[in-house]
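Engineer: Starting from these lines, generate the structure:
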Amino acid sequence: MAGDPTQPLLVIEDSDEDFEALGRMMQKASIANPIYRCTDGDDALDFLRRAGNYDGLPNIPRPAIILLDLNLPGTDGREVLEQIKQDNDLKVIPVVVFTTSSNPKDVEVCYRYGVNGYIVKPINIDKLMRTIQILADYWFEAVILPNTLRRP
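Structural biologist: The predicted model follows:
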């Protein structure tokens with residue numbers, strides 16, 4: 001990020017349709033970074049902690065940024081966010097909530113847990129593209145992130 005196309009992005013999204021749309025928009029925004037996907041909260045936490053199906057796999061990258069949907073099966077996005085931000089090894093990773101929920105309680109809870117940004121998914125395709133472009137410009141071009149590929 002900040003021009004480093006090797007730093008990966010983790011998208012935690014259960015909807016195939018939303019993930020595919022996000023992927024197309026990221027390509028249009030010229031995001032070349034590797035994108036990894038988890039479809040539920042438990043899988044995402046395993047991915048981040050190299051546990052479960054990811055235990056012992058040497059090439060699991062630490063994401064430079066996480067896009068998190070709130071409404072996930074199993075462990076929901078609120079709980080995933082809380083666990084990430086309470087984990088000393090994971091809390092440095094920026095998390096941006098990307099969800100359909102505009103509920104003020106969700107927004108407040110996420111910021112209390114330490115979210116780095118909260119974006120409501122626009123329904124309009126033009127607004128969605130503009131939102132993805134803003135996200136890309138900020139997180140992938142303007143911001144300097146810690147080197148997340150090294151693990152303690």
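Engineer: Report the spatially nearest residue to the residue in the chain sticking out farthest from the centre, omitting neighbours in sequence.
Structural biologist: Distance to the chain centre peaks in the chain at residue 56, reaching 22.8 Å (criterion: C-alpha atoms, centre = their mean). Counting by C-beta to C-beta, 6 or more residues apart in numbering, residue 56 lies nearest to residue 50, which is 7.6 Å off, once chain neighbours are set aside. Placement of C-beta: from N, CA and C, glycine included.
Engineer: The one you found - how many residues pack around it?
Structural biologist: 15 (other C-beta atoms under 10 Å).
Engineer: any idea how far it is from residue 20?
Structural biologist: Distance of residue 50 to residue 20, given as C-beta to C-beta, to the nearest Å: 27 Å.
Engineer: Next one: the residue nearest to residue 56 from residue 125, what distance?
Structural biologist: For residue 50, the distance to residue 125 (C-beta to C-beta) stands at 37 Å.
Engineer: Contact partners for residue 76?
Structural biologist: Shown in contact with residue 76 (C-beta atoms under 8 Å, 6 or more residues apart in numbering): 41, 70.
Engineer: distance of it from residue 34?
Structural biologist: Where residue 34 is concerned, residue 76 sits at a distance of 25 Å (C-beta to C-beta).
Engineer: Please apply the same query to residue 61.
Structural biologist: Taken as C-beta to C-beta, the span from residue 61 to residue 34 is 7 Å.
Engineer: name the element residue 79 belongs to?
Structural biologist: helix 77-86 (DSSP states H and E).
Engineer: Let me know the average pLDDT across that helix.
Structural biologist: Average pLDDT, helix 77-86: 97.
Engineer: just stretch 58-73 next, same as before
Structural biologist: In the prediction, stretch 58-73 has an average pLDDT of 90.
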